[in-house]
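K.L.:
task: produce atomic coordinates for the following.
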Amino acid sequence: MRDTGCEGVVVRKQLVDTSQLTGEYCLLLRIENTALLAEKAVISLRTPFLSGEVKALCIPDAICDVIVGNVEGARSPEDPDMSVRVGAATTRAQAKREAVTKPLRVPGIERHAGVGREQLIKLQQEDPRILALVDAGRTLRRGGKVVSFEKARGIVYWRYEDLGRNVDVKQRVAIDLVGPLNPPSEAGHRLILTLVDYATRFDEAVPLRKIDTECVAEALVDIYSRLGVPEEVLREQGTQFISDCMKEVCRFLGIKRKTTSPYHPMCNGLVERFNATLKTCLRRLCIEQPRQWHRYINPLLFAYRKVPQESTHFAPFELLYGRTVRGPMHILRELWTKEIEEPDVKSSYEYVLNLRERLDDTLKIAREELEKAQGRHKHYYDRTSKRRKFSVGEKVLVLLPTDSNKLLIQWKGPFDIVATVGINDYRINMGGKEKTFRANLLKGYITRDQDASQATTDKRPPTSSSAIPAASVTVIEDLEGEHFNDCDCEALPELGWWGSEETVNDLKYGNELTLDQRKQLEEVAVTYSSIFSDRPGTALTEALCIELTSSIFVRQRPYPVPYAMRQTLRDELREMEDLGVIRKSSSPYASPVVVVKTKDGTNRVCIDYRRLNKLTIFDPQPMTPPADIFQDMEKGQCFSKIDLSKGYWQIPVRKEDIPKTAFVTMDCHYEFLRMMNSGATLTRAVKKLLCGMDNVVDYMDDLLIHTETWEAHVKTLKELFKRHQEANFTARPVRCLLGSRTVDSLGHSLGRGAIGLQDKNVEKVRNAPRPKRKREVRAFLGLVGNYKEFVPNFAAVSAPLPDLVRKGQPNVVNWGDSQERAFNSLKVAVTSKSVLQLPELTKSSSSERAHLIADWALLSCRRMRVPYSR
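P.N.:
Predicted coordinates:
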């Protein structure tokens, strides 16, 4: 290249031999005002602008092989030496990039000055070259002036009126190749070229012996000669479809080419679905003569074209020809009934007009049905998908086949996004080459902070409720869609942190206590200090029994765990082993460790026991309903709350059932000695512990003590702590509250004969956003349903909301005025912080409605509603 702005000679370093380097360096200033240190070399040039031995600067990323600047002996850009021929080789990729559109080869036209119209017509009629052009086109047919005029009148015209066309219907077809098929046909066919019309769903299939560009092009031209030349062709990135020959054929026929996204066959799903149907039908038809499959293609296509298409509700024959094609059913009917329908006698003009009207009506109905089908398919597809958006410059990972096996895929990258193509396609820079990929083949790449990663690995959160800040390859996501609806993520057994040591000094006491009362409670707590610890004890009253319905072993492979998280998991399992919660196992059972992503984005490491739970016999032990806990507390003046330390972990597993609890990680095989999902067993053990103590109620691992006098309260606490010590139960000190006038339990605030709402839950209701999906509606109803006693006529007020989650309703709810009123009314009623008096069940009450067995009664003292039996 000749560059008049350069002051020297620049050559690509890869073209220079090491023996030509001089060892000298020079500072090169580029046009973008950046400096580059370039090495000098003595080379021999023979170019149109400079020839001979010169000193040149070597740079690796020159825009061309040689750049000749304003040096001594250099020719002007307008005066090159054209006798010099460049002998450099051009690669195929470079030639493809530099290729220009070739013009059509047409004979040149000689200009004749001073020739009139009559003379020009006479010369053209006598010119043999013009007469030769008449026979030059193979696709043309000669005819007289009337035939030629009729052929051109429907295509070429002078625009003189507005036809009122609002939509320009594109004539698009999709093409693909099927095969190679085994065995090949007797005629040597191994592949099939398929074509489907987007408008009419009319299909074509042509058997081929080979799939080079010439064979495919000839087959396509043969199809176009029967159906007409389309405006657009959608095809994959096969070499026979993107070659120069096919490009020239499409240019000659005026066809616009469109290419599908890589590794995204859904883009060409119309023809892919037809390919599957074609192969299935051929396999069944030629089962007796497998090498005759090429003879069944045309009969198969005839039968396929007569069947109404699911999306358009019309047969392809009807949409293409505007009439029903006579087929085997018509022939049978004529043979059986001996009746032949006489066609209406019409003139050609009437027939053409009626045919056009019938085609317009048919295509209009087909378009409406197709839009309905597309909306239905989109609805089902969107249920399990979510939109992915990326920006230019963002790093992403690309899902590509592995280097060793193209049938296996893996995430590769990261790569940079350089441009956005359409709505869901992105152009990615992959090592100097730019390729376009669909959004569902990409996922965002987040660069890990090395310092934060090291701190996360070395330090543990301070409490057991902390989540593990790590991602996992195997994740159960809490999605908004329909995934994992049968899996309660909160019920999965969690491997939580054990936290720091807590003692009796961490107990909390009521603010209204006097010094003597507080001292009295502290003495009681110190006496039974062994039961206050954050480490779970081992209950002596009950053991977990796992009864299975089958003797088949539940054995699964371990789920992959990220390397950044493995050391953390090892340390946690080692500590659990030291505490006697787990031990090494040789059990035939193995359930995997799974990472559960919660709604707030954090992760919990749990055991996936879902397959084992399907074989477990259900334990019918009832739990105390939350509504019954606050009954008979109207006279309570002193309250205490005891929270068992990891109550589930305090239940041991029966010796013969320990192997069933085994779980497996990437490194080792463990089994539980104390089980964490023993809810029914824990409830049974707690009820045995509280047998005979009327002033103590339980809900799972929470205990609530209520008494009328201080002396009775201290006595009850002593008895409860004594039973804890005998049963070897432990309580979490920081979650225990002793000797308070009010207490928070199950989202309610209890005390002084009344029950109210807990402040933090009131804030949740106040800040609850308007639901958009079924899942959000259920969550809101569950939140306000805990306080339905505080909402007058709750069922009538909330009635429009449960209708949104009924079966058959869309996942994205149809929010109207009635739902908005119900939503706002419930929020106002709950956030008004109403207070109800607790019912006095010992007093007589007047039932507003009698029932033979049980009824809901409103007490005459206008207190809290409770179930009342007569």
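K.L.:
where do the helices sit along the stretch 101-250 of the chain?
P.N.:
Here the stretch 101-250 of the chain has its helices, by DSSP state H, counting those that start in this stretch, at 117-126, 128-134, 145-153, 213-227, 239-242, 244-253.
K.L.:
now the weakest link among those helices, please, by mean pLDDT.
P.N.:
Among the helices of the stretch 101-250 of the chain, helix 145-153 has the lowest mean pLDDT, at a mean of 58.
K.L.:
per-residue confidence at Arg111?
P.N.:
So Arg111 comes in at 53 (pLDDT).
K.L.:
check contacts around the spatially most central residue of the chain.
P.N.:
Nearest residue to the geometric centre of the chain (Cα atoms, centre = their mean): Ser385, 4.1 Å. When contacts are counted by Cβ atoms under 8 Å, 6 or more residues apart in numbering, Ser385 is found next to Asn440. All C-beta spots, glycine's among them, are computed from the backbone N, C-alpha and C.
K.L.:
which strand or helix spans it?
P.N.:
Per DSSP states H and E, Ser385 falls between elements, in no helix or strand.
K.L.:
tell me the secondary structure at Val11.
P.N.:
Three-state call for Val11 (DSSP: H, G, I helix; E, B strand; the rest coil): strand.
K.L.:
what is the neighbour count of it?
P.N.:
23 (other Cβ atoms under 10 Å).
K.L.:
distance of it from Ser51?
P.N.:
14 Å (Cβ to Cβ, to the nearest Å).
K.L.:
out of the helices of the stretch 101-250 of the chain, which gets nearest to Lys378?
P.N.:
Of all the helices of the stretch 101-250 of the chain, helix 239-242 sits nearest to Lys378, with 28.0 Å by Cβ to Cβ.
K.L.:
packing partners of the closest one?
P.N.:
Applying 3 or more Cβ pairs under 8 Å, 6 or more residues apart in numbering; DSSP states H and E, one finds that helix 239-242 contacts helix 213-227.
K.L.:
packing partners for the helix it packs on?
P.N.:
strand 191-197, strand 203-208, helix 239-242, helix 244-253.
K.L.:
could you dump the ones you listed into JSON lines and include mean neighbour count?
P.N.:
Shown next, in JSON lines, are the helices and strands packed on helix 213-227 (neighbours: other Cβ atoms under 10 Å):
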{"stretch": "strand 191-197", "mean neighbour count": "22"}
{"stretch": "strand 203-208", "mean neighbour count": "21"}
{"stretch": "helix 239-242", "mean neighbour count": "16"}
{"stretch": "helix 244-253", "mean neighbour count": "15"}
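K.L.:
adding distance to Lys722, write the ones you listed out as a markdown table.
P.N.:
Formatted as a markdown table, those follow (distance: least, Cβ to Cβ, whole Å):
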| stretch | distance to Lys722 |
| --- | --- |
| strand 191-197 | 82 |
| strand 203-208 | 84 |
| helix 239-242 | 85 |
| helix 244-253 | 90 |
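K.L.:
out of those, which gets nearest to Leu319?
P.N.:
Taking the helices and strands packed on helix 213-227 one by one with Cβ to Cβ, strand 191-197 is closest: 8.6 Å.
K.L.:
and that closest one, C-alpha only, in PDB?
P.N.:
Only the C-alpha atoms of strand 191-197 are listed here, as PDB (Å, rounded to 0.1, in the frame of the first residue of the first chain):
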ATOM      1  CA  LEU A 191     -30.000 -37.500   1.400                       C
ATOM      2  CA  ILE A 192     -33.200 -35.500   1.000                       C
ATOM      3  CA  LEU A 193     -33.600 -31.800   0.300                       C
ATOM      4  CA  THR A 194     -36.700 -30.400   2.000                       C
ATOM      5  CA  LEU A 195     -38.500 -27.100   1.500                       C
ATOM      6  CA  VAL A 196     -41.500 -25.700   3.400                       C
ATOM      7  CA  ASP A 197     -43.500 -22.600   2.500                       C
END
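K.L.:
parallel or antiparallel, list what pairs with it.
P.N.:
Here strand 191-197 is paired, per DSSP bridges, with strand 172-178 (antiparallel), strand 203-208 (antiparallel).
K.L.:
and the angle from that strand to helix 213-227?
P.N.:
Going by axes from the mean of the first three to the mean of the last three Cα atoms, to 10 degrees, strand 191-197 is angled at 40 degrees with respect to helix 213-227.
K.L.:
now Tyr609, nearest residue through space, not along the chain?
P.N.:
Ser591 (5.3 Å; Cβ to Cβ, 6 or more residues apart in numbering).
K.L.:
what average pLDDT does the one helix or strand that neighbour maps to get?
P.N.:
Following DSSP H and E, one finds Ser591 within strand 591-597. Regarding strand 591-597, the rounded mean pLDDT is 74.
K.L.:
please begin residue numbering at 40 from this point
P.N.:
Fine by me, first position is 40 from now on; the one you just mentioned is strand 630-636.
K.L.:
show me where the stretch 690-839 of the chain has helices.
P.N.:
Using DSSP H, counting those that start in this stretch, helices in the stretch 690-839 of the chain cover 718-728, 749-766, 798-805, 813-824, 833-836.
K.L.:
and the third one, which residues are buried?
P.N.:
In other words, helix 798-805. 800-801, 803-804 (16 or more other Cβ atoms under 10 Å).
K.L.:
same check, this time on the last one
P.N.:
When burial is assessed from 16+ other Cβ under 10 Å, helix 833-836 yields the following buried residues: 833, 836.
K.L.:
swap in the second one?
P.N.:
By neighbour count, with 16+ other Cβ under 10 Å as the criterion, the buried positions of helix 749-766 are 749, 752-753, 755-756, 759-760, 762-764, 766.
K.L.:
and Ala412, how far from Thr239?
P.N.:
If you go by Cβ to Cβ, the gap between Ala412 and Thr239 works out to 15 Å.
K.L.:
please say which of those two ends up with more neighbours.
P.N.:
Relative neighbour count places Thr239 above the other of Ala412 and Thr239, with 22 against 15, counting by other Cβ under 10 Å.
K.L.:
leaving out the residues flanking it, which one is nearest to that one?
P.N.:
Leu358 (3.7 Å).
K.L.:
so which of the strands paired with strand 230-236 gets nearest Cys584?
P.N.:
Taking the strands paired with strand 230-236 one by one with Cβ to Cβ, strand 211-217 is closest: 58.8 Å.
K.L.:
list of residues touching that closest one?
P.N.:
230-238, 244, 247, 250, 255, 259, 269-275, 277, 279-280, 297, 307, 309-311, 314, 317-318.
K.L.:
what sits against Lys803?
P.N.:
Leu822.
K.L.:
so it versus Ser424, what's the distance?
P.N.:
Taking Cβ to Cβ, one finds Lys803 at 30 Å from Ser424.
K.L.:
and what of Glu117?
P.N.:
60 Å.
K.L.:
for the helices of the stretch 690-839 of the chain, give me TSV that also has distance to Tyr484.
P.N.:
Formatted as TSV, these follow (distance: least, Cβ to Cβ, whole Å):
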stretch	distance to Tyr484
helix 718-728	41
helix 749-766	52
helix 798-805	35
helix 813-824	29
helix 833-836	49
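K.L.:
pipe those helices into JSON lines and attach distance to Thr781 and mean pLDDT per row.
P.N.:
JSON lines is the format used below for those (distance: least, Cβ to Cβ, whole Å; pLDDT from 0 to 100):
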{"stretch": "helix 718-728", "distance to Thr781": "24", "mean pLDDT": "79"}
{"stretch": "helix 749-766", "distance to Thr781": "14", "mean pLDDT": "87"}
{"stretch": "helix 798-805", "distance to Thr781": "12", "mean pLDDT": "79"}
{"stretch": "helix 813-824", "distance to Thr781": "22", "mean pLDDT": "84"}
{"stretch": "helix 833-836", "distance to Thr781": "25", "mean pLDDT": "83"}
